[in-house]
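Chemist: Make a model of this:
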Amino acid sequence: MTAALTIAFVPGVSPAKWVRVWRDRFPDTTLGLLPIGPDEVDEALTGEADMAFARMPVGAHLNSIPLWTETAVVAMPKDSPLADADTVTDADLATVHVVDAGPVPADIPAALDLVEANVGVVVLPQSLFRAASRKDLVARPLEGSAGTRVALVWRDTDASDTTEEFIGVVRGRTANSSRAAQDRPGGPSRADDDGARGQRAGSGAGGKATAKQASGGKAGGKGARKPRGSGRPGTQRLGNGKPKRGSKGNR
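Modeler: Alright, predicted model coming up:
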């Protein structure tokens, strides 16, 4: 069976909690998962994937919704002098050999192999260190580091009602809520939305139309959002509000 929506994800980023919500909310709409390498985001989106969980930065041609910031940690042997501290500073790093200063090493297994061999230390996202599961190593947060940002990304050509539904799931929209303006890429801020609610309370249906007009461009200021229904052929809305299958694979 061809998936109605295929979500790619880079190492260390688990989409599990959103997949559970999707499958509970849309049990008849298949969601496919595609693990990819950290540098395979563009390749995945031009191929099978409709959307991807990736680490920033991504190409300016992609729409993105930043989600959270990962903590940067320093991986080291358990007997390293730096392991005695709760955090590591840049001054501490100056006293040891840094195999890779991050933020994401190009070859994480190889870099951690060198750390295990007591060659030096490595800076990487905490999620990737945990995923590596190196029992002989420990990690300490790197003080003052900006960390790495994880985002949901997609292309204009893959936008559809189905991708909008998934954005809503990721943003925490409930099953009974309508597509609020703040759930759309480039939509108004929470403060703007609070103002729109106040107008609706005083003006009824007219206020609701005004709030809808307030939602506009895509994330990153890439211009006005396409009208729903202008996305991938074959993706439609069912009468019960659930998206029909209409994936890349059905083209």
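Chemist: Outline the domain layout of the protein.
Modeler: What the record gives for the chain is the domain set 5-68+149-183+228-250, 72-146, from automatic domain parsing.
Chemist: Please, where are all the strands along the stretch 51-200 of the chain?
Modeler: With strands called from DSSP state E, counting those that start in this stretch, the stretch 51-200 of the chain shows them at 51-55, 63-70, 72-77, 98-100, 121-125, 137-141, 148-154.
Chemist: looking at these, which is closest to P109?
Modeler: With distances scored as C-beta to C-beta, the stretch of the strands of the stretch 51-200 of the chain nearest to P109 is strand 121-125 (10.9 Å). In short, each C-beta sits where N, CA and C put it, glycine included.
Chemist: Give the buried residues for the closest one.
Modeler: Within strand 121-125, the residues scored as buried using 16 or more other C-beta atoms under 10 Å are V121, V122, V123, L124, P125.
Chemist: of all those residues, which comes closest to V98?
Modeler: Proximity of those to V98 (C-beta to C-beta) peaks at V121, which lies at 5.9 Å.
Chemist: Quick one: neighbours of the residue lying closest to that closest one once chain neighbours are set aside, just the number.
Modeler: If the residues on either side of it in the chain are set aside, V121 comes closest to M76, at 4.6 Å by C-beta to C-beta, 6 or more residues apart in numbering. Around M76 there are 21 other residues, counting by other C-beta atoms under 10 Å.
Chemist: In contact with M76, which residues?
Modeler: If you count contacts by C-beta atoms under 8 Å, 6 or more residues apart in numbering, M76 has them with L82, A83, V96, V115, V121, L137, V138, A139, R140.
Chemist: Out of these, flag the one nearest to W18.
Modeler: Among these, and counting by C-beta to C-beta, the member closest to W18 is A139, at 26.2 Å.
Chemist: correct me, but the closest one touches F129?
Modeler: Yes: assessed by C-beta atoms under 8 Å, A139 is found in contact with F129 at 4.7 Å.
Chemist: shared neighbours of those two, which are they?
Modeler: Taking C-beta under 8 Å, 6+ apart as the contact rule, A139 and F129 both touch V73, A75.
Chemist: pLDDT on stretch 51-61, on average?
Modeler: For stretch 51-61, mean pLDDT is 95.
Chemist: which SS state does W22 fall under?
Modeler: Reduced to three states with DSSP: H, G, I helix; E, B strand; the rest coil, the structure at W22 is helix.
Chemist: ok so, going back, out of the domains of the chain, name the one with the poorest average pLDDT.
Modeler: Ranked on mean pLDDT, the bottom entry among these is domain 5-68+149-183+228-250, at a mean of 82.
Chemist: for the residue lying closest to I65 once chain neighbours are set aside, what are its contacts?
Modeler: Once flanking residues are discounted, I65 sits nearest to L152: 4.7 Å by C-beta to C-beta, 6+ apart. L152 sits next to M51, A52, F53, S64, I65, L67, I167, V170 when contact means C-beta under 8 Å, 6+ apart.
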